[in-house]
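[1] The sequence and its predicted three-dimensional model are supplied below.
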Amino acid sequence: MGAAVTESPTVASDRVLVELSLEGLALDGLDPSDIAPTTSALLDALATVGAVVIRTFLSRHHGRLICLVEGGDTHGVTQCLGTAGIVPTSVWRCTELDPEPPGLFASQSASRPPQSAPRQGAAALDAVIIGAGLSGICALERLNRMGLRARVYEGGSEVGGVWHWNRYPGARVDSEIHTYGFSFSDALLRDWEWQELFPTQPDIARYLRHVVDRFGLRRHLRLGTPVLAATFDEAEALWRIETGTGERVTARYLIAATGTLSVPQLPDYPGMSDFSGESFHTARWPAGVELGGKRVGVIGTGASGVQVIQTIAPDVAHLTVFQRTPTYCIPQRNRPLTDADRREIRRDWTRILATCRESYGGFIHTFDPRSGLAVSAAEREAKFEELWQKAGFAFWFGNFADLMMSFEVNEHACDFLRRKILARVHDPETARRLLPSHPFGTKRVPLENGYYETYNRGNVALVDLRETPIEWITPGGIRTSRDEHPLDVIVYATGFDAGTGSLSRIDIRGAGGLSLAEKWQAGPKTFLGLLVGGFPNLFIVNGPHNAAALCNAGRCIEQNVDWIVRCIEWMRRQGATRVVPTPVAEEEWTRHVLDVADASVLAAMRDSWFFGANTPGKPRVVTIYAAGAREYRQHCEAVANAGFAGLELS
Ligand SMILES: Cc1cc2nc3c(=O)[nH]c(=O)nc-3n(C[C@H](O)[C@H](O)[C@H](O)COP(=O)(O)OP(=O)(O)OC[C@H]3O[C@@H](n4cnc5c(N)ncnc54)[C@H](O)[C@@H]3O)c2cc1C
């Protein structure tokens, strides 16, 4: 695995400590949110001179907030704070800084000083985080703020995860963007201006890079560095991590933020490698591809396929869409955001977050509390039409409360959507092929911008793979059981090895050499989707058995990270070096996840990535928690409030 890299904490000399008095605040039991206005004013002021706060400590004893600032000198920092009306107690240059918070300080979010922190086995880092998508960035920011030494290893060349990798034409977010981004900083809300309600991939990637730079996180990142293996050292109670660049490092906690949709899944048609044109997966779209004047085939009509198809159709000579399972697409209704919109969002921020928090999917949409069967047919139709006219997932997550539990209500919604498709697609035969038959919401619902009208174009053809399956990829195109389709480019919009794919590709070995991939061979087993029996100190963000996959990811990822941080703080307060779920707790949660899926309409459609159906050889076991984000959060809180019931500490 190459040479080991020595882990020595870096000592910075261009850093400044700023001390602010917190007079007037009751410091005992002070919540970080009490000082949020002070810290965000400070961040804003420092940003004007290009300086960033990289760590804050609360000195309860002295009644002071102390911030470690990078990128400015004492004079510049004092001046910019003065201009913002902030008068620090003192500002001094730090020539040497221990990587741990000085003993005098309690970290802002830890409720006890670090003398109760782990004693066993000296790890070079407190935490290694794998992946620099939303989850990894969020975890890094929180652990950094807590004063822990954390490092992120990311296989890609930049941060962003999904938003770094998925660079296909038309890639857009499906969450109203102000509800998708991070909520930990008011300053971030103020200084970032979204231009559209559902922005494109480049905008979101830019936002995530900004977050990393704004909060001084970049120096904790190792980009282009895939983690290949992680082994739990039982004697030392720490993880030994090995990367593809030969780096070896130890850490007390291993945080897997490897993404639920981060491993592209290609089909296994014969002849794929013989194709003489260009072919690629949507999540690995090569730079500089020219589609103008070409004959393009797109295989797959999930969310990515829909976005690509509706975007490239006007530019290509001919587009052939190869569809396995038609799905219900609902209008996205994207629009530019105005200054007035942005002002309103900032004003309503707290309410917006609270709405997302209490909703089924972490979105701004909340279910109508009524049953779809408690209203007349005319009222139901009017409700469906009203929701269909709205932006985003209103039709899904703003629908009748029993949409996902009652087949009858769900079928009414399906019937409504099928009629919409028939009305938009001119050719009756094409329209028929586009009609889904599964219950609505049992596959991720794509949001579309003119997708159905694309099939009214003269240069677009739809091939139904259920009627005429692909038999061979030939050097010149695709041969189905009926026709030969000559193509210059093949786009595989065939989805991801979802849920477990990214984790099972890392050689993760827990207590006694137990392999995670082997443990999950027949399907994942977890406690709350956050911990795994036999794998001490391994925390998973947005992984299998979690509500996050069906959720507005930003909201659910923050909830996951909050819980993990709370658990680590609890461990440290107990002076514990390892945490692991009990076999009973893991068994009960895994059973619960399966039962919830069986009781919902999901059970009727196992042919989706929710059940691993697009990945050959994978067991057809549900990987998502279908009861929703709110119920999931309540389970997590109940566990934490009961002293982390179900977890074993040592
Ligand atoms: C095209 C697309 C659009 C989406 N749109 C939405 C949306 O609108 N709303 C929504 O809520 N969700 C959406 N999602 C779901 C998406 O998964 C989440 O929104 C979110 O981006 C997940 O963030 P993450 O950090 O958990 O995972 P990811 O963004 O997938 O990041 C995981 C990172 O881990 C890295 N990694 C994996 N394995 C290793 C390893 N061994 N070593 C080092 N690095 C590794 C990967 O390279 C990747 O960068 C979308 C997904 C896709 C694919």
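    Thanks, I have the structure now.

[2] For the residue in the stretch 401-550 of the chain that the ligand sits nearest to, the count of nearby residues, please.
    For the stretch 401-550 of the chain and the ligand, the shortest gap (Cβ to the nearest ligand atom) falls at residue 542, measuring 3.7 Å. (C-beta placed from N, C-alpha, C; glycine too.) Residue 542 has 31 neighbours, counted by other Cβ atoms under 10 Å.

[3] wait, what's in contact with whichever residue of the stretch 501-650 of the chain sits closest to the ligand?
    The minimum distance from the stretch 501-650 of the chain to the ligand, using Cβ to the nearest ligand atom, falls at residue 553 (3.1 Å). Going by Cβ atoms under 8 Å, 6 or more residues apart in numbering, residue 553 touches 134, 175, 180, 362, 542.

[4] Relative to the whole chain's centre, how far out is the helix or strand containing residue 144?
    Assigned by DSSP states H and E, residue 144 falls within helix 134-146. Distance of helix 134-146 from the chain centroid (Cα atoms, centre = their mean, to the nearest Å) equals 13 Å.

[5] Paired strands for whichever helix or strand comes after that helix, with orientation please.
    Going down the chain from helix 134-146, the next helix or strand is strand 150-153, by DSSP H and E. Counting by DSSP bridges, the strands paired with strand 150-153 are strand 125-130 (parallel), strand 221-222 (parallel).

[6] which one of the ones you listed is the most hemmed in?
    Mean neighbour counts were taken over the strands paired with strand 150-153 using mean count of other Cβ atoms under 10 Å, and the top value, a mean of 26, falls to strand 125-130.

[7] is any part of that strand close to the ligand?
    Yes: judged by Cβ under 6 Å from any ligand atom, strand 125-130 comes into contact with the ligand through residue 130.

[8] Using PDB, list the CA coordinates for that strand.
    Extracted C-alpha coordinates of strand 125-130, given in PDB (Å, rounded to 0.1, in the frame of the first residue of the first chain):
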ATOM      1  CA  LEU A 125      -6.900  12.000  14.100                       C
ATOM      2  CA  ASP A 126     -10.200  12.100  16.000                       C
ATOM      3  CA  ALA A 127     -12.100  11.300  12.800                       C
ATOM      4  CA  VAL A 128     -11.700  10.300   9.300                       C
ATOM      5  CA  ILE A 129     -14.600  11.100   7.000                       C
ATOM      6  CA  ILE A 130     -14.900   9.300   3.700                       C
END
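
[9] In contact with residue 88, which residues are there?
    Residues in contact with residue 88 (Cβ under 8 Å, 6+ apart) are 18, 19, 20, 78, 81.

[10] domain assignment for the chain?
    Domain assignment for the chain by automatic domain parsing gives 1-114, 124-263+497-650.

[11] Give me whichever of those is most buried.
    Scoring the domains of the chain by mean count of other Cβ under 10 Å, the most buried comes out as domain 124-263+497-650, with a mean of 21.

[12] pLDDT on that one, on average?
    Mean pLDDT, computed over domain 124-263+497-650, is 93.

[13] where does residue 416 land in three-state SS?
    helix (DSSP: H, G, I helix; E, B strand; the rest coil).

[14] which residue sits closest to it, ignoring its sequence neighbours?
    Spatially, and ignoring its direct neighbours in sequence, residue 416 is nearest to residue 384 (4.4 Å; Cβ to Cβ, 6 or more residues apart in numbering).

[15] residues touching the residue lying closest to residue 194 once chain neighbours are set aside, list them.
    Excluding its sequence neighbours, the residue lying closest to residue 194 (Cβ to Cβ, 6+ apart) is residue 177, at 4.9 Å. If you count contacts by Cβ under 8 Å, 6+ apart, residue 177 has them with 194, 196, 197, 198, 199, 204.

[16] and of these, the nearest to the ligand?
    residue 198 (7.7 Å).

[17] Restrict the longest helix seen in the chain to CA atoms and write it as PDB.
    The longest helix of the chain (DSSP state H) is helix 553-574. Output in PDB follows, covering the C-alpha atoms of helix 553-574 (Å, rounded to 0.1, in the frame of the first residue of the first chain):
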ATOM      1  CA  ALA A 553     -31.000  15.400   1.400                       C
ATOM      2  CA  GLY A 554     -29.700  18.600   3.000                       C
ATOM      3  CA  ARG A 555     -32.200  18.400   5.800                       C
ATOM      4  CA  CYS A 556     -31.800  14.700   6.500                       C
ATOM      5  CA  ILE A 557     -28.000  14.800   6.300                       C
ATOM      6  CA  GLU A 558     -27.900  17.600   8.900                       C
ATOM      7  CA  GLN A 559     -30.100  15.500  11.100                       C
ATOM      8  CA  ASN A 560     -27.800  12.500  10.700                       C
ATOM      9  CA  VAL A 561     -24.700  14.500  11.500                       C
ATOM     10  CA  ASP A 562     -26.300  16.200  14.500                       C
ATOM     11  CA  TRP A 563     -27.100  12.800  16.000                       C
ATOM     12  CA  ILE A 564     -23.600  11.400  15.300                       C
ATOM     13  CA  VAL A 565     -22.000  14.500  16.900                       C
ATOM     14  CA  ARG A 566     -24.300  14.100  19.900                       C
ATOM     15  CA  CYS A 567     -23.300  10.400  20.200                       C
ATOM     16  CA  ILE A 568     -19.600  11.200  20.000                       C
ATOM     17  CA  GLU A 569     -20.000  13.900  22.600                       C
ATOM     18  CA  TRP A 570     -21.800  11.500  24.900                       C
ATOM     19  CA  MET A 571     -19.000   8.900  24.400                       C
ATOM     20  CA  ARG A 572     -16.400  11.400  25.300                       C
ATOM     21  CA  ARG A 573     -18.300  12.500  28.400                       C
ATOM     22  CA  GLN A 574     -18.300   8.900  29.500                       C
END
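
[18] could you give the angle of that helix to helix 134-146?
    40 degrees (axes from the mean of the first three to the mean of the last three Cα atoms, to 10 degrees).

[19] any idea which helix or strand comes after helix 553-574?
    On the C-terminal side of helix 553-574, the closest following helix or strand by DSSP H and E is strand 579-581.
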